[in-house]
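Student: need a structure here:
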Amino acid sequence: MLGNSYEGQVCSAARALEVVGERWSLLIIRDALFAGVTRFSDFARRLGLARNILAARLNGFVEAGIMERFSSAGAGYQEYRLTGKGRDLAPVIIALTDWGDRWAAPNGRPIIYRHAECGGDVEQQHVCRACGMAIEPDQVAIERGPGMTGAG
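Tutor: Residues are numbered from 1 along each chain as shown. Take a look at the predicted model:
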């Protein structure tokens with residue numbers, strides 16, 4: 001059984017899960033990215049999420065640099081906007097949605113991501129940075145990177 005954190009893992013995926021791996025986290029980010037949600041009350045209403053849990057997630061995103069908190073002058077509410085670090089999670093959301101469409105959507109795709117300019121479906125691909133070839137997961141080899149220094 002997993003512990004409460006991935007702190008001992010020398011793995012960037014595990015470290016990312018420390019920040020966005022809780023069950024509501026990627027849904028909050030999804031709504032900020034693709035639905036333009038910024039207000040606390042709108043997140044709460046759309047997700048049906050308890051206010052204390054939502055507050056904890058949003059505060060964690062602000063601390064992690066994924067979102068910035070803004071107070072609207074005279075409006076009496078706060079907004080949360082994604083930073084570049086937060087917007088960089090878009091491919092993660094799209095890939096997870098693609099997987100869910102294939103393996104967990106018995107009635108078909110509930111949401112389709114489309115290119116705003118031409119209307120085409122958005123698709124995730126793995127591409128080699130050196131040769132530009134689209135690759136499959138079984139064509140990927142791993143090796144120790146510089147962040148592995150001092151790890152067991």
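Student: tell me which element the residue of the chain most remote from its centre is part of?
Tutor: The C-alpha centroid of the chain is most remote from G74, which lies 31.3 Å away (C-alpha atoms, centre = their mean). Here G74 sits in a region with no helix or strand, counting by DSSP states H and E.
Student: Next one: it relative to A44, how far apart?
Tutor: Per C-beta to C-beta, to the nearest Å, G74 is found 22 Å from A44. Glycine gets a C-beta too; all of them are placed from N, C-alpha and C.
Student: Repeat that for W24.
Tutor: For W24, the distance to A44 - C-beta to C-beta - is 11 Å.
Student: where does this structure have low pLDDT?
Tutor: For the chain, the stretches flagged by pLDDT under 70 are 1-7, 75, 150-152.
Student: all helices for it, in order.
Tutor: 12-20, 25-34, 40-47, 51-64, 84-87, 90-103 (DSSP state H).
Student: Turn those into CSV, columns for mean neighbour count.
Tutor: Below are the helices of the chain laid out as CSV (neighbours: other C-beta atoms under 10 Å):
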stretch, mean neighbour count
helix 12-20, 14
helix 25-34, 19
helix 40-47, 16
helix 51-64, 15
helix 84-87, 14
helix 90-103, 14
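Student: can you tell me which of the ones you listed comes nearest to Q78?
Tutor: helix 40-47 (6.0 Å; C-beta to C-beta).
Student: the inter-axis angle of that closest one versus helix 25-34?
Tutor: 110 degrees (axes from the mean of the first three to the mean of the last three C-alpha atoms, to 10 degrees).
Student: you'd agree G60 is up against G21?
Tutor: No. Applying C-beta atoms under 8 Å as the test, G60 and G21 come out as separate, 11.1 Å apart.
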